[in-house]
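>>> give me a 3D structure for the following:
(one chain, ligands or ions: 1)
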Amino acid sequence: MIDVSSVSKNYIVGAQEVRALKKVSLKVETGEFLALAGPSGSGKTTLLNLIGCIDSVTEGIISLDGETISGLDQNKRNLVRQRKIGFIFQSYNLIPVLTARENVALALQLVKGIGEKEIAERTSKILAEVGLSGMEDRKPSQLSGGQQQRVSIARALVKEPPVILADEPTANLDSKTGREILALMRELNEQHDTTFIFSTHDPMVMEQARVLVKLHDGEITGIEKR
Ligand SMILES: Nc1ncnc2c1ncn2[C@@H]1O[C@H](COP(=O)(O)OP(=O)(O)OP(=O)(O)O)[C@@H](O)[C@H]1O
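Numbers count the residues shown, from 1 in each chain. Next comes the predicted model:
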C-alpha cells in the first residue's frame, strides 16, 4: 500500500539545515495497524506529513496505492490527499461553530459527485459506528475530549480512504479514554480494512500496534512485528 524508499527531508531554518529524516525506507501493507514511536524531534510528524501529501520529500521516492507521490507538485498532491488519506490530529481540529454531524458531512461535501442524501446517510452511519448516536447535533465545546476525537475519527473515515494517518491521536486524552479511542481505531481498522499509521510517545499505544517502527534522530532504528 505504501512504499517509502530512501527518503530524506531537510528543513531550512535561517542559515541552518535541519535533517529531519535521513534515508528512511519502510513498506506498509494494506490493512496494517502501524505505530511510529520515538522521542520528540525524531521525525514522526515529518514522515506522516510526507506520506499524507502535506509536504514534499528532499530526496527519495514514496508511492501510495500504486501511485508515485514524491514527484508531484502541490496541486496534484492535494488531489491525492483528498481521495486517499484521512487525518486524525492530536488536537482534533474540528470546526467549533459546526455540530458533530456538520463537521463530518463537510469532509464529504468537499468531494465532488456525492449527493446530499448520501452525505446525510453516510454521516449518520459513521457517527453511530464511532459511538456518537444521540450527540450528532452537539458542537465540539459540548463534547468531551474523547468524544471530540471520535468525531474526528468519523470525519477521517467517512470518505472511506484507503489510509488513515493519526498524529499522536491519544496525546490529549486521559489514559482510559486513550485506550478506548485506540480500541475504536483498531476495530475500525479491522472492519474497513483501512491502513492506519499513527505516531505516539505512549507505551500503551505502542503495545496495541501490530507493527511498531522506532525512529531516532531521523532514522529507523527498529521494526517490531507482532
Ligand atoms: N517546518 C519545520 N521547519 C523546520 N524544522 C522543522 C519543521 N518541522 C519539523 N522540524 C524539525 O525536524 C525534526 C523532526 O521533527 P518532527 O516534528 O518530525 O518530530 P516528531 O518526532 O514528530 O516530534 P514530536 O514528538 O515532538 O511531535 C525536528 O528537529 C524539528 O525541529
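>>> any idea of the pLDDT on the spatially most central residue of the chain?
For the chain, the residue nearest the mean C-alpha position is residue 165 (1.6 Å; C-alpha atoms, centre = their mean). We have a pLDDT of 97 for residue 165.
>>> what helix or strand is it located in?
Using DSSP states H and E, the element containing residue 165 is strand 163-167.
>>> list the buried residues of the next helix or strand after that strand.
Sequence order places helix 175-192 as the next helix or strand after strand 163-167, per DSSP H and E. With burial defined by 16 or more other C-beta atoms under 10 Å, the residues of helix 175-192 counted as buried are 177, 178, 179, 180, 181, 182, 184, 185, 188, 189, 192. (Each C-beta comes from the backbone N, C-alpha and C, glycine too.)
>>> do stretch 23-40 as well
24, 26, 28, 32, 33, 34, 35, 36, 37, 38.
>>> same question, stretch 63-75
So for stretch 63-75, counting by 16+ other C-beta under 10 Å, buried means 64, 65, 69, 70, 72.
>>> mind checking how far that stretch is from the chain centre?
With C-alpha atoms, centre = their mean, to the nearest Å as the basis, stretch 63-75 stands 17 Å off its chain's centre.
>>> residues in contact with it: which ones?
1-3, 5, 7, 50-51, 53, 56-57, 60-62, 77, 80, 84, 162-163 (C-beta atoms under 8 Å, 6 or more residues apart in numbering).
>>> now residue 95, nearest residue through space, not along the chain?
Closest residue to residue 95 apart from its sequence neighbours, by C-beta to C-beta, 6 or more residues apart in numbering: residue 103 at 5.7 Å.
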